[in-house]
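Participant: I'd like to go over a predicted model; first the sequence, then the structure.
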Amino acid sequence: MNLTSIRIITSNIDVLIKFYEHITGKQMIQYTPDFAELKTDGATLAIGSTRTLQFFGGESVARAAENHTAIIEFRVDDVENDYQRLADYLEPYIVQKPTTMPWGNKSLLFRDPDGNLVNLFTPMTAEAVKKHAEG
């Protein structure tokens, strides 16, 4: 079994598409006005509007902008460079500036416009580099 994608449900699809395109520097593929994907080597970040919930049983299945548990994580080559590139843009969203975590990653933590936590990280210690090279 392989994790293929994470999907964010939002009532602000155009705002989130622009946000994730800006932070990643990659263009999302927008298949319909209500669904887009950002494809990476490891997985896909999908964004669906609240209108897509009708296909899953109705709007009570998920609620936009109410995530309080998951963190969307992107491994980057140099989190400090990304922080410098994005600092002005991310100013209202930053939770924690680049900080080395006990498990060996340097992480930049911020929220997207819907309040979802996003982590850009770079493995720093030999153990963290090895772990991410294997995965």
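Facilitator: Happy to help now that I have it. If you're wondering where the values come from, they're calculated on a predicted model, not measured in any experiment.
Participant: I'd assumed Thr10 was in contact with Asp114.
Facilitator: Yes: between Asp114 and Thr10 there is a contact under Cβ atoms under 8 Å: 5.4 Å. Every residue, glycine included, has its C-beta placed from N, CA and C.
Participant: Pick out whichever of those two has more residues nearby.
Facilitator: Under the criterion of other Cβ atoms under 10 Å, the comparison of Asp114 against Thr10 puts Thr10 first, with 23 against 18.
Participant: Can you verify Leu38 is assigned to a strand?
Facilitator: Yes: looking at Leu38 with DSSP: H, G, I helix; E, B strand; the rest coil, it is inside a strand.
Participant: Need the three-state assignment for Ala128.
Facilitator: Classification of Ala128 using three-state DSSP returns helix.
Participant: So it versus Asp78, what's the distance?
Facilitator: Note on Ala128: its distance to Asp78, by Cβ to Cβ, to the nearest Å, is 14 Å.
Participant: Next: Ile47.
Facilitator: Look at Ile47 and Asp78: by Cβ to Cβ, they are 26 Å apart.
Participant: that older thread, give me the more crowded residue out of Ala128 and Asp78.
Facilitator: Using other Cβ under 10 Å, the more surrounded residue of Ala128 and Asp78 is Ala128, with 18 against 13.
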